[in-house]
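turn this into a model:
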Amino acid sequence: MLVEKDGKRFTIEVPLQDQWKVIRLPIFPIPAALDGRPFESGIESTSMDQFELSERAEDIAKRHGVDRVIFPEYPSEIFARFVAKVSYGYAVGECSLNAFEQVYIIPAILGDTNDIGRWVGCPVRREFPQRESIGVSVGFKVIPERDFIVRVKMFTQFDGAEYVTVVGKLKEIYAVSFEERVWHLPQNEF
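Coordinates of the predicted model:
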């Protein structure tokens, strides 16, 4: 576990039951492909949803005689690529591999491009409800350009962040067949 004492950071080994159990979900801007803003590269987290699963960080730090426990930092791109993978898996499950004229997110998932923020982000507002059981809520929308958009909410019991991914462009025959199967949002709002 990463900790800090007297201004110095270091790791300590502790049993799992004594570790700080926290879920951190980065909040991103809406995907650049949806709002049309200029896009350069990467993705930046604008804030964070954080849920402590048992003891608070302050209590864990006190028990281990340190000033604070620290969540390890990781690049936002790693989490965004994970969201893209989940979204792509869902899209293939709903449509099939052959349904897409073009899949936008594969190069970003593979790390071949640095454009994950063009395809993955957070919606303007959260739509999926909080649920009592542990789970994931997933839905999709096909917009007029035949782009297949997936919306994912992980850890629904905490009412955490939602993510939208512009997966790719559907072949016309598939886009028509999915027109009625969408989550309900006002036109052009994600």
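
what average pLDDT does the lengthiest helix in the chain get?
When the chain is parsed with DSSP state H, its longest helix is helix 76-95. The pLDDT scores in helix 76-95 average 94.

and if you look at stretch 35-55?
Summarised as a single mean, pLDDT over stretch 35-55 is 88.

hmm, who's touching the longest helix of the chain?
25-26, 28, 42-45, 100, 103, 105-106, 108-109, 111, 114, 116-117, 119-120, 138, 140, 148, 150, 152, 163, 165, 167-168, 170, 174, 178 (C-beta atoms under 8 Å, 6 or more residues apart in numbering). C-betas here are computed from N, CA, C, even on glycine.

all strands for this protein, in order.
Secondary structure of the chain, counting by DSSP state E: strands at 2-5, 8-11, 22-27, 47-52, 68-69, 100-103, 120-121, 136-142, 147-154, 162-170.

where does pLDDT dip in this structure?
Applying pLDDT under 70 to the chain flags the ranges 134, 179-190.

looking at the strands of the chain, which is buried most?
strand 120-121 (a mean of 29; mean count of other C-beta atoms under 10 Å).

so what strands line up beside it?
Take DSSP bridges as the rule and strand 120-121 pairs in its sheet with strand 162-170 (antiparallel).

who touches residue 22 in this structure?
Residues near residue 22 by C-beta under 8 Å, 6+ apart: 50, 51, 52, 53, 57, 71.

which non-adjacent residue is nearest the fourth one?
Using C-beta to C-beta, 6 or more residues apart in numbering and skipping the chain neighbours, the partner closest in space to residue 53 is residue 21 (3.9 Å).

residue 56 is in contact with that neighbour, correct?
No: under the criterion of C-beta atoms under 8 Å, residue 21 is not in contact with residue 56, lying 10.6 Å apart.

find residues that contact each of those two.
By C-beta under 8 Å, 6+ apart, no residue touches both residue 21 and residue 56.

what about residue 141, distance to residue 93?
Separation of residue 141 from residue 93 (C-beta to C-beta, to the nearest Å) stands at 16 Å.

go on, residue 63?
Using C-beta to C-beta, we find residue 63 at a distance of 44 Å from residue 93.

now the strands of the chain in CSV, with distance to residue 127?
Below are the strands of the chain laid out as CSV (distance: least, C-beta to C-beta, whole Å):
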stretch, distance to residue 127
strand 2-5, 35
strand 8-11, 39
strand 22-27, 15
strand 47-52, 15
strand 68-69, 33
strand 100-103, 24
strand 120-121, 14
strand 136-142, 8
strand 147-154, 7
strand 162-170, 7
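
which one of those strands lies nearest to residue 35?
Among the strands of the chain, the nearest to residue 35 by C-beta to C-beta is strand 120-121 (8.6 Å).
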